[in-house]
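Novice: Whatever this is, show me its structure:
(one chain, ligands or ions: 1)
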Amino acid sequence: MSAVLVAFNGPQAREWHEVLAANAKGRELRVWPDAVGDAVDIAYACVWLAPHGLLARIPKLKAVINLGAGVDHLLADPNVPDVPLARVAHPDLTARVTEYVVLHVLMHHRRQRLYDTQQRGRIWQPHDQPAAGEVAVGVMGLGAIGSHAAEALARLGFQVAGWSRTPRDIPGVETFHGDAGLDRFLARTEILVCLLPRTPDTERILNLALFRKLHRNGAAGGAYLVNAGRGALQVDADIIAALAEGTLAGATLDVFPQEPLSAESPLWSHPKVTITPHNAGDISPRVFAPHVMAQIEAFERGRPLENLIDRHRGY
Ligand code: GLV
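Specialist: Coordinates of the predicted model:
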């Protein structure tokens, strides 16, 4: 039986190795960087942020599974071999990102940062609170995760719209698409949630010109940004400028153009910014590993991999 290479570059590496091994059903696992062995025996690679060039050194590679939702790092490898590429897409990941989105939309909606500040000053001071139904939330990116998050927000009562590259239909969610639909989508959106993938078209899309198109005078009392997509989509300096001029009233950022975010970044101490360390979509290797190995077994029996990446589209 051909071997599976595991090349996970991140803090969960050990857990991934352990749980993939526990689900390998006799298939040999090779672990990057120390135990790759003779690359000629390897047919499958399970990767996360693996060094570029690694896959090109595997002559009999049949397929690659990306152990995360975002495939920008994988596709940025100029020598990624011409084999099927798939990514994990799983209800566990979808649910976790949805939790994050709901938490931060509600945090802005319920003005929790303001109440945190008041608490530190022992200030008992309620403020006007609109109902969710008066507030317009817009989700950019309507893949499996974006549409699930949009539906969850709609169930909470928000006026939810979504924007995507191509048309989508989601119950309870008004949808816009393409360049032609973007301005109308932004003009009605007070809390903007970004779950877009990184592609040449989406890089730096979250810039000052876009923020200025958001709906600032609605019930939410300002426009807010929640970016849990990719850091390269946002221009940090433009977020700071938009907060300074009042175009944005607050921002939650899970991702940054440079990760980890530099200790010098003014975003860390900005009173209107909430920062998390790219963990909105942390996934559980225990939940995913059986699914990953089952994909490989099915592929060996001639079935296509699920959630194939379209390398020309970029996700
Ligand atoms: C996390 O960022 C992922 O892409 O899964």
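
Novice: Now do the residue nearest the centre of the chain, the pLDDT please.
Specialist: For the chain, Gly229 is the residue whose C-alpha lies nearest the centre (CA atoms, centre = their mean; 3.6 Å). As predicted, Gly229 sits at a pLDDT of 97.

Novice: Identify the residues contacting it.
Specialist: 140-141, 194-198, 202, 255 (CB atoms under 8 Å, 6 or more residues apart in numbering). Any C-beta I mention is one placed from the backbone N, CA and C, and that applies to glycine too.

Novice: Kindly report the same for Ala298.
Specialist: Under the criterion of CB under 8 Å, 6+ apart, the neighbours of Ala298 are Leu305.

Novice: Need the per-residue pLDDT for it.
Specialist: If you check Ala298, the pLDDT there is 96.

Novice: For the remainder of this discussion, apply numbering that starts at 206.
Specialist: Shifting the count to begin at 206 puts that one at Ala503.

Novice: and the helix or strand containing it, is it in reach of the ligand?
Specialist: Element membership for Ala503 (DSSP states H and E) is helix 490-505. No. Judged by CB under 6 Å from any ligand atom, helix 490-505 and the ligand are separated, with a smallest distance of 10.4 Å.

Novice: Quick check: Ala447 is in a helix.
Specialist: Yes. Counting by DSSP: H, G, I helix; E, B strand; the rest coil, Ala447 is part of a helix.

Novice: quick one: it from the ligand, how far?
Specialist: As defined by CB to the nearest ligand atom, to the nearest Å, Ala447 lies at a distance of 24 Å from the ligand.

Novice: Kindly tell me how buried that residue is, as a neighbour count.
Specialist: 24 (other CB atoms under 10 Å).

Novice: wait, what's in contact with it?
Specialist: Contacts of Ala447 by CB under 8 Å, 6+ apart are 413, 416-417, 453.

Novice: 10 Å instead?
Specialist: Under the criterion of CB atoms under 10 Å, 6 or more residues apart in numbering, the neighbours of Ala447 are 411-417, 419, 428, 430, 440, 453-454, 456.

Novice: Only the buried residues of stretch 466-476, if you could.
Specialist: For stretch 466-476, a neighbour-count test (16 or more other CB atoms under 10 Å) marks 466, 470, 472, 475 as buried.

Novice: Averaged pLDDT, that stretch. What do you get?
Specialist: 98.

Novice: Stretch 288-306 now?
Specialist: Per-residue pLDDT over stretch 288-306 has a mean of 95.

Novice: Show me how far it is from its chain's centre.
Specialist: 8 Å (CA atoms, centre = their mean, to the nearest Å).

Novice: end-to-end on that stretch?
Specialist: End-to-end distance of stretch 288-306 (CA to CA, to the nearest Å): 34 Å.

Novice: returning to what we had before: could you tell me which of the contacts of Gly434 are located in strands?
Specialist: 345, 399 (DSSP state E).

Novice: In helices, which of the buried residues of stretch 466-476 appear?
Specialist: Counting by DSSP state H, no part of the buried residues of stretch 466-476 is found in helices.

Novice: ok, of the contacts of Gly434, which one's closest to Gly215?
Specialist: Nearest to Gly215 among these: Val460, at 14.4 Å, using CB to CB.

Novice: pLDDT at that closest one, what is it?
Specialist: Confidence at Val460, expressed as pLDDT, is 98.

Novice: Provide a list of residues in contact with it.
Specialist: Here Val460 is in contact with 275, 399, 403, 432-439, 466, 481-486 (CB under 10 Å, 6+ apart).

Novice: Only the buried subset of the residues you listed, as a ChimeraX command please.
Specialist: In ChimeraX, a selection of the buried entries from the contacts of Val460 looks like this (16+ other CB under 10 Å):
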select :275,399,403,432,433,434,435,436,437,438,439,466,483,485,486
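
Novice: restrict the contacts of Val460 to those near the ligand?
Specialist: Applying CB under 6 Å from any ligand atom to the contacts of Val460, one finds that 275, 486 fall near the ligand.

Novice: How about the residues of the stretch 256-405 of the chain by the ligand?
Specialist: 273-275.

Novice: Nearest to Val340 among those residues?
Specialist: For those, the nearest to Val340 is Ala274 (27.1 Å; CB to CB).

Novice: mind listing what's buried in the single longest helix found in the chain?
Specialist: Secondary structure assigned by DSSP H gives helix 296-314 as the longest helix of the chain. Of the residues in helix 296-314, those with enough neighbours to count as buried (16+ other CB under 10 Å) are 298-299, 301-303, 305-307, 309-310, 312-314.
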